[in-house]
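Undergrad: Just to be clear, the model below is a prediction. Sequence and coordinates:
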Amino acid sequence: MESPRQLPTRALGILAAAPLFLLSLWAIAAPTLVPPPLRSAIIVKSAAYERGFAERSGKAVLAVVIGTTNETSEDGKVMMAALQKILEKTKIAERPTQVVQVTRESDPAKTAEKIRAVDAEIVYLSAGLEGIAGEIPTQDDGRRIIVVCSHGSQVERGCALGVELDGNSPRLVLNLKRASEVGLRFQPDLLRLARVVR
């Protein structure tokens, strides 16, 4: 039996171990992300299958929404670099595309305003920000905005697209219900390549 003097020390030890335990649970539960170069390539190719995006002309903007935590900031920065690299060499549906960073604000309306201000047509939500998918505008001046989650398992939170691992292979995930709700029109060829969530 412990003496009353030992109880505070034991309680402090338990409290000190709690964050490590929670962190290990998060690591187990967190989905494994497809490596950024592959994720970027799949996002770029997939966006070209959206008819509205392909029918428009001129420069397009892909906004990467970055949060303030280490996880969301790190994924956002890595994805910005990967997307910029691939878009230096290729276009999306014959359209040159610029990648811009948008920092998430605590006020959803301010984040939405930043996205509108840059005329984004594709919005990538950094890992950990999937929960704000419903806050992202899906239309602006008649343009439909393609919202992309970092992981395919998160598309049901309001994204149209995501990328996941199927064994060791990357696979596109298309939330067809969400895409239809916001007026996105993906070509049938994409549906055959993706895991479709209805």
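TA: Sure, I can see it.
Undergrad: got the domain boundaries for the chain?
TA: Following automatic domain parsing, the chain resolves into domains at 1-30, 31-197.
Undergrad: Tell me the secondary structure at Asp119.
TA: Here Asp119 is coil, with the state taken from DSSP: H, G, I helix; E, B strand; the rest coil.
Undergrad: pretty sure it is touching Gly142, no?
TA: No. Using C-beta atoms under 8 Å, Asp119 is not in contact with Gly142, being 11.8 Å away. Quick note: C-beta positions are derived from backbone N, CA and C, even for glycine.
Undergrad: Of those two, give the one with the bigger neighbour count.
TA: The neighbour comparison of Asp119 against Gly142 (other C-beta atoms under 10 Å) goes to Asp119, with 17 against 8.
Undergrad: Can you name the residues that contact that one?
TA: Contacts for Asp119 (C-beta atoms under 8 Å, 6 or more residues apart in numbering) come out as 61, 140-141, 143.
Undergrad: From Gln98, how far off is it?
TA: 10 Å (C-beta to C-beta, to the nearest Å).
Undergrad: Find the residues that touch each one of those two.
TA: Val61.
Undergrad: By mean pLDDT, point me to the weakest helix or strand of the protein.
TA: Of all helical and strand segments in the chain, the minimum by mean pLDDT, DSSP states H and E falls on helix 6-29, at a mean of 43.
Undergrad: Pull the distance from the following helix or strand past it to the chain's centre.
TA: Note on helix 6-29: by DSSP states H and E, the next helix or strand toward the C-terminus is helix 36-47. From the chain centre to the centre of helix 36-47 is a distance of 12 Å (C-alpha atoms, centre = their mean, to the nearest Å).
Undergrad: Remind me what helix 36-47 packs against, helices and strands.
TA: Helix 36-47 sits against helix 70-89, strand 122-125, strand 161-166, strand 169-175, with contacts defined as 3 or more C-beta pairs under 8 Å, 6 or more residues apart in numbering; DSSP states H and E.
Undergrad: in the following helix or strand past it, what counts as buried?
TA: Beyond helix 36-47 on the C-terminal side, the first helix or strand identified by DSSP H and E is helix 51-55. Residues 52-54 are the ones in helix 51-55 that count as buried (16 or more other C-beta atoms under 10 Å).
Undergrad: and if you look at stretch 103-113?
TA: So for stretch 103-113, counting by 16+ other C-beta under 10 Å, buried means 104, 111-112.
Undergrad: who's in contact with Leu190?
TA: Leu190 sits in contact with 46, 49, 172, 174, where contact means C-beta under 8 Å, 6+ apart.
Undergrad: Wait, the third one touches Ala194, no?
TA: Meaning Leu172. Yes. Counting by C-beta under 8 Å, Leu172 touches Ala194, with 4.2 Å between them.
Undergrad: For these two, list the residues in contact with both.
TA: In contact with both Leu172 and Ala194: Ser46, using C-beta under 8 Å, 6+ apart.
Undergrad: Thanks a lot, see you next time.
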